[in-house]
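Novice: when you get a sec, could you give me coordinates for this:
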Amino acid sequence: MNNVVPLRLLLEERKSIYQGRFEELRREIMIGVEASERGEVIEGETVFHQLKQKLI
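Specialist: Numbers count the residues shown, from 1 in each chain. I've put the predicted structure just below:
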């Protein structure tokens, strides 16, 4: 029973972190959707090339 409170606090903390990250991803997705609606898009091949360059 002594572990219940710390475990509950840990679960609440993780839930808060995940919820915050979810909201952040939602905002980033909306930015992409809005850019796409304005015609501001990049071809898939270009995106993957840019990502590869960042990893090198």
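Novice: separation between residue 17 and residue 26?
Specialist: Using CB to CB, to the nearest Å, one gets 15 Å for the distance from residue 17 to residue 26. (Each C-beta comes from the backbone N, C-alpha and C, glycine too.)
Novice: chain center to stretch 16-27, what's the gap?
Specialist: Centroid displacement of stretch 16-27 relative to its chain, using CA atoms, centre = their mean, to the nearest Å, is 7 Å.
Novice: quick one: the residue nearest to the spatial centre of the chain from residue 19, how far?
Specialist: Closest to where the C-alpha atoms of the chain average out (CA atoms, centre = their mean) is residue 25, at 3.6 Å. Using CB to CB, one obtains 11 Å as the distance from residue 25 to residue 19.
Novice: pLDDT score for residue 41?
Specialist: With respect to pLDDT, residue 41 has a value of 89.
Novice: in space, what's closest to it - neighbours in sequence excluded?
Specialist: Nearest-residue entry for residue 41: residue 35, 7.2 Å, with adjacent residues in sequence omitted and distances by CB to CB, 6 or more residues apart in numbering.
Novice: that neighbour contacts residue 42, doesn't it?
Specialist: No. If you go by CB atoms under 8 Å, residue 35 and residue 42 don't touch, sitting 9.5 Å apart.
Novice: quick one: mean pLDDT for stretch 18-38?
Specialist: Stretch 18-38 shows a mean pLDDT of 94.
Novice: quick check on residue 26: phi, psi?
Specialist: Torsion angles at residue 26 (phi, psi; degrees, to the nearest 10) stand at phi -60, psi -40.
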